[in-house]
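Visitor: 3D model of this:
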Amino acid sequence: MSVGRFFAGVAIGAAIGAIAGVLLAPQSGEETREKLGTMAKDVAGKTEKTVRDIQEKADSIVSDMQEKGDEIIGKIQDLINKQKEETV
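Guide: Okay, here's the model as predicted:
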């Protein structure tokens, strides 16, 4: 299971639980709508933060992979050059 899917599941579960709690609580319709609006903003903010965190981690991983790839290419080129020098 990927980290992104896990966090998405946690966010969705939390949102569903919060909405169910608000809808089942004894209060006026106006209060319920206000709470739902507030919760929606909170969930959107948390989701946005989670997406940013995941994007930063993905960018870091891609950067690391590019560096490793460049190192490997350099080593391969060195080996090729050594092989050419030995055959000349």
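Visitor: helix, strand or coil: sort out Gln27 for me.
Guide: Here Gln27 is coil, with the state taken from DSSP: H, G, I helix; E, B strand; the rest coil.
Visitor: make that Arg5, sorry
Guide: Look at Arg5: counting by three-state DSSP, its state is helix.
Visitor: from Gln77, how far off is it?
Guide: Going from Arg5 to Gln77 by Cβ to Cβ, to the nearest Å gives 39 Å. Just so you know, the C-beta spots here come from the backbone N, C-alpha and C atoms, and that holds for glycine as well.
Visitor: same check on Leu23?
Guide: For Leu23 relative to Gln77 (Cβ to Cβ), the value is 64 Å.
Visitor: again with Ala14
Guide: According to Cβ to Cβ, Ala14 and Gln77 sit 51 Å apart.
Visitor: of these two, who's got more company?
Guide: With other Cβ atoms under 10 Å as the criterion, Ala14 and Gln77 differ in neighbour count, and Ala14 comes out ahead with 14 against 10.
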